[in-house]
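>>> pasting the sequence and the predicted coordinates here, then a few questions.
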Amino acid sequence: MPTAVVTDTASYLTPEQIEKYQITVLPITVILGNKQYKETEELDLDTFYDYLKTEDELPTTAQVSMGQIEEAYDRLVDQGFDKIISIHLSSGITSFMDNLRMFCRTYERAEVFPFDSLVASAGEADLCLLAGAMVKEGKTPEEIMPQLEKMRSTRDVYFAVDDLKHLMRTGRLSNRAAVVGNLLNIKPMLTFDPDGKIIAIAKERTMKRALRMMFVELKKYSEQADYKIHATVIDANNEELSNNWVNEIHEMFPDIRVTQSHLGPAISVHTGEKTMGILWEEDWKTMI
């Protein structure tokens, strides 16, 4: 039987992508006050962002449990799958991957190939799409995993947040001295380091200037790349600005394939509303 692909809701795959590539998506739990919600299944964006604006108690998250993982893997085995590629949120911002690797050592019903995305959102999604597309082509995990590693090695991502308080509160910002940015009313520029941790790298006064900096980095990248590039504009409840950024990338980089992704509650808990970013890497559609 074909290999199964499993991920979590932090990938923010669309329903169409999930169906096309038969990807199993497990929900991260978002906690608003004394209520718990399964992301995408039980919590819509309007409810979440209304909570952020009106409640003093900031929301938290709970990662997918090993019980949920075991149940999902067992269900796939019962459907006839004997190999599972499991792609998840960066180990730099959650202990989930460490727990998953330990679990996989004792899980005997299928051979599991855990893969650390070292990122979230579109970077995680693209890995899932590459794996799913290669599975559809009849490729084995032994053929797929090197391609996942190759694409991950080509990735760059930059994002700007409106307010650092969420990242500071949840402990997801590694170089905490960047909190001074809030005092200066700036847009902190952030990225993921090679270990999948979020770090602050620069400060810009407006989102427009943040975009200009990202374009400088994308231009340098595109001049060195000897492969097709795929860029994704990522936003947290900032769709109008996201559309504008997409148009600007099309105008300045006509040879780059551009898509959009929107952050949901599990990541916006840490980044806050109005976050904007761009992620780029080798185009997975050319790697199948």
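Cool, the structure landed.

>>> for Phe81, which non-adjacent residue is closest in space?
Ala4 (4.2 Å; CB to CB, 6 or more residues apart in numbering). From N, CA and C alone the C-beta is placed, and that goes for glycine too.

>>> and that neighbour, how many neighbours does it have?
Using other CB atoms under 10 Å, Ala4 has 27 neighbouring residues.

>>> distance of it from Phe192?
Ala4 sits at a distance of 27 Å from Phe192 (criterion: CB to CB, to the nearest Å).

>>> next one: Ser86
20 Å.

>>> how far away from the center of its chain is stretch 280-288?
16 Å (CA atoms, centre = their mean, to the nearest Å).

>>> what about that stretch, start to end distance?
Across its full length, stretch 280-288 reaches 17 Å between end residues, using CA to CA, to the nearest Å.

>>> read off the pLDDT value for the closest residue to Lys83 other than its chain neighbours.
Distance criterion CB to CB, 6+ apart; nearest residue to Lys83, sequence neighbours excluded, is Thr3 at 4.5 Å. On pLDDT, Thr3 comes in at 96.

>>> and for Val161?
85.

>>> what's near enough to touch Glu248?
Residues in contact with Glu248 (CB atoms under 8 Å, 6 or more residues apart in numbering) are Leu211, Phe215.

>>> hey, where'd the strands end up in the stretch 101-250 of the chain?
111-116, 156-160, 187-192, 198-204, 229-235 (DSSP state E, counting those that start in this stretch).

>>> looking at those strands, which is closest to Leu13?
Evaluated with CB to CB, the strands of the stretch 101-250 of the chain place strand 229-235 nearest to Leu13, the distance being 12.2 Å.

>>> can you list contacts of the closest one?
121-122, 126, 159, 218, 221-222, 241-242, 245-246, 249, 253, 255-263, 274-285.

>>> at 6 Å what do you get?
Contact with strand 229-235 is made by 121-122, 222, 242, 245-246, 249, 256-262, 276-280, 283, as judged by CB atoms under 6 Å, 6 or more residues apart in numbering.

>>> which residues of the stretch 51-200 of the chain fall in helices?
66-78, 96-106, 122-136, 141-153, 165-170, 180-183 (DSSP state H, counting those that start in this stretch).

>>> just say which of these is most tucked in.
helix 122-136 (a mean of 25; mean count of other CB atoms under 10 Å).

>>> what's in contact with that helix?
By CB under 6 Å, 6+ apart, helix 122-136 touches 2-3, 5, 7, 11, 13, 21, 23, 85, 87, 117, 144, 148, 155, 232, 234, 261, 279, 284, 287-288.

>>> one step back: Asp82 is in contact with the residue nearest to Lys83, correct?
No. Between Thr3 and Asp82 there is no contact under CB atoms under 6 Å: 8.5 Å.

>>> pick out whichever of these two has more residues nearby.
Counted by other CB under 10 Å, Thr3 and Asp82 do not tie: Thr3 has more neighbours, with 24 against 13.

>>> so where is the protein shaky, pLDDT-wise?
Residue ranges of the chain with pLDDT under 70: 1, 163-185.

>>> any idea how far stretch 31-51 is from the middle of the chain?
Centre to centre, stretch against its chain (CA atoms, centre = their mean), the figure for stretch 31-51 is 19 Å.

>>> for that stretch, C-alpha coordinates in PDB please.
Provided in PDB are the C-alpha atoms of stretch 31-51 (Å, rounded to 0.1, in the frame of the first residue of the first chain):
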ATOM      1  CA  ILE A  31      -7.000  27.200  25.000                       C
ATOM      2  CA  LEU A  32      -9.000  30.400  25.400                       C
ATOM      3  CA  GLY A  33      -9.600  31.000  29.100                       C
ATOM      4  CA  ASN A  34     -11.200  27.800  30.500                       C
ATOM      5  CA  LYS A  35     -12.300  26.500  27.100                       C
ATOM      6  CA  GLN A  36     -10.300  24.200  24.800                       C
ATOM      7  CA  TYR A  37     -10.700  24.000  21.100                       C
ATOM      8  CA  LYS A  38      -9.300  21.800  18.300                       C
ATOM      9  CA  GLU A  39      -7.800  24.100  15.800                       C
ATOM     10  CA  THR A  40      -9.700  24.400  12.500                       C
ATOM     11  CA  GLU A  41     -12.300  21.900  13.700                       C
ATOM     12  CA  GLU A  42     -13.800  23.800  16.600                       C
ATOM     13  CA  LEU A  43     -12.300  27.300  16.500                       C
ATOM     14  CA  ASP A  44     -12.900  29.900  13.700                       C
ATOM     15  CA  LEU A  45     -10.600  32.900  13.200                       C
ATOM     16  CA  ASP A  46     -13.200  35.500  14.100                       C
ATOM     17  CA  THR A  47     -13.700  34.000  17.500                       C
ATOM     18  CA  PHE A  48     -10.000  33.700  18.100                       C
ATOM     19  CA  TYR A  49      -9.100  37.200  17.100                       C
ATOM     20  CA  ASP A  50     -12.100  38.700  19.000                       C
ATOM     21  CA  TYR A  51     -10.700  36.900  22.100                       C
END
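
>>> fine by me, thanks again.
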